[in-house]
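Undergrad: Mind folding the following:
(chains A, B, C and D)
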2 protein chains.
Amino acid sequence: MIAASNLAEIAALVGDPARANMLAALMDGRALTASELAFMARVTPQTASAHLAKLSESHLLAVAKQGRHRYFKLASPLVGRMLEGIMAVAAIDAPLRHRPPSVKDAALRQARTCYDHLAGRLGVAVADALTARGHVVLSEDGGTVTESGTGFFQTIGIDLQTGFKRQRCFCRPCLDWSERRPHLAGALGAAIATTAFEQGWIERLRDTRAVGITAVGRERMGSLFGPELDVAFSSGEN
Amino acid sequence: MIAASNLAEIAALVGDPARANMLAALMDGRALTASELAFMARVTPQTASAHLAKLSESHLLAVAKQGRHRYFKLASPLVGRMLEGIMAVAAIDAPLRHRPPSVKDAALRQARTCYDHLAGRLGVAVADALTARGHVVLSEDGGTVTESGTGFFQTIGIDLQTGFKRQRCFCRPCLDWSERRPHLAGALGAAIATTAFEQGWIERLRDTRAVGITAVGRERMGSLFGPELDVAFSSGEN
DNA sequence: TTGACGCTTCGTTCGGCAACGAAGCGTCGC
DNA sequence: GCGACGCTTCGTTGCCGAACGAAGCGTCAA
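TA: You can find the predicted model right below:
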């Protein structure tokens, strides 16, 4: 059972709360320093160092030295995909136990990045809007952009004919852990997120994976995607 | 960080070797008894019982009582997807350490089921053949069936027009842990595996996830998919 | 050069959990 | 009804690994 032993090894790496916190913090695709990760995992630097060493040795993380800092990031999209998968399962379990939603969670629930694409109410709302308008078709296992969708994305500056041409199915659903509904991942999801950042519709908040929706974002995305987005604009007491 | 705590919890469940063995054994989608799982995980029944209780409580496994037996299976395809994801990451790590391939591994490497679709050299060869002939197009994140593919699948009794109509992108790649190349998963992958079993091309072997390729399977699949399948028919000393 | 800083290594402590033997409970076959 | 069987619960043992204090190493800034 060569497969299973490795399965346990990798899963055990993610199975430690401190390491899981670090990995989750890196899910937005950025690179963070060892100190930052220590802080986010709420452990001392020397403990964090040991954890980060393990994660690097097992090639879950890639490390880049820069002066006296060491920047860590997920070693590959594969790792992000794995974490998504675990989170999707964890999300099913979570609602069964009533846990008081923290203040920080509120921001995360509204909008955040998930590796390279949008998640939270905003991410789900965008996926809903695109689906409702027939621009994309999402199934459990994948998704497709329709002809009307190709045109739509062109208008917001995402050209599906060039870079995306070869991989005709480049959009896929990703189960949102807070909303427990799919949002848009894959190359298309990443392109949408990139555009949203570039156009100033959303912006990163300090020290968190949550993103803020700007005034111009509210207006622009509201007119682009329609009423489905309203739920993403509310501060959201659920 | 509501997400991360759950992340660690679920991952820790998979992170124990005994539990990982059990989950891996259940990856083929069948339901197994507690005793069988205890044997596969190489632990005593009472140890297995404790593990299975945890896995059930966390809704990773679903359990069905049947007389004095208790049958366990993966609680949802989501769990299978999660395990796939972890295995894909584990596969990158594995080759770095030379591990002597066991006899059992040889059969698993040739052909096996991965939750509901084909894996091993056979699975990868089928994916290669379909890609080479332009029947499907696989990208990193998903896949599409071409028009020629739709016709092809019709000839082997898989009608993409009926049940599959709504989910236009129902095929996706799944990284093979032994071959380290993608094979075909998703609804299409499952349909191909089902057809292969029904037509008697492959058959389950006792007490393992490996599947055997029958004589008729060799002949039929060889003519259907062409030379790409040869590698899957060899007993394979790599 | 000196001190501050970021990170690592070493050694120790401590808690949690996997594992099993023994025993108990329900189910089946005869 | 009886024993055999499948599975669970209980109590104990033992080990692995997470955590931190202290100390060491390289890097930067003045």
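
Undergrad: Only C-alpha atoms from now on, for both contacts and neighbour counts.
TA: OK.

Undergrad: And the contacts of the longest helix along chain A?
TA: As assigned by DSSP state H, the longest helix anywhere in chain A is helix A:77-93. If you take Cα atoms under 8 Å, 6 or more residues apart in numbering or on different chains as the criterion, helix A:77-93 is touched by A:24, A:27, A:60, A:74, A:115, A:174-178, A:180, B:3, B:6-7, B:9-11, B:58-60, B:78-79, B:81-82, B:85-86, B:88-89.

Undergrad: Can you flag which of these belong to strands?
TA: A:74, A:174-175 (DSSP state E).

Undergrad: How about the following helix or strand past the longest helix of chain A, which residues are buried there?
TA: Using DSSP states H and E, the helix or strand that follows helix A:77-93 towards the C-terminus is helix A:103-110. Buried residues in helix A:103-110, counting neighbours by 16 or more other Cα atoms under 10 Å in any protein chain shown, are found at A:106-110.

Undergrad: Relative to B:Ala190, which of those residues is nearest.
TA: Closest approach between those and B:Ala190, by Cα to Cα: A:Arg109, at 34.4 Å.

Undergrad: List the contacts of the closest one.
TA: So A:Arg109 contacts A:120-121, A:178-179, A:210 (Cα under 8 Å, 6+ apart).

Undergrad: so how far is A:Val43 from the closest residue to DNA strand D within chain A?
TA: Of the residues in chain A, the one nearest DNA strand D is A:Gly67, at a distance of 3.0 Å by Cα to the nearest atom of the strand. In this view, A:Gly67 and A:Val43 are 23 Å apart by Cα to Cα, to the nearest Å.

Undergrad: With neighbour numbers in mind, choose between those two.
TA: Taking neighbours as other Cα atoms under 10 Å in any protein chain shown, A:Gly67 and A:Val43 compare with A:Val43 leading, 14 against 6.

Undergrad: nearest residue to the more buried one other than its sequence neighbours?
TA: Nearest residue to A:Val43, sequence neighbours excluded (Cα to Cα, 6 or more residues apart in numbering or on different chains): A:Ala18, at 7.3 Å.

Undergrad: element containing that neighbour, please.
TA: For A:Ala18, the host element (DSSP H and E) is helix A:17-25.

Undergrad: what about A:Gly172, which SS state?
TA: No, residue A:172 isn't Gly; it's Arg. strand (DSSP: H, G, I helix; E, B strand; the rest coil).

Undergrad: Contact partners for it?
TA: By Cα under 8 Å, 6+ apart, the neighbours of A:Arg172 are A:138, A:141-144, A:184-186, B:141-142.

Undergrad: Now do the contacts for the residue most central in space within chain A.
TA: In chain A, the centroid-proximal residue (Cα atoms, centre = their mean) is A:Cys114; its distance is 0.4 Å. Shown in contact with A:Cys114 (Cα under 8 Å, 6+ apart): A:27-29.
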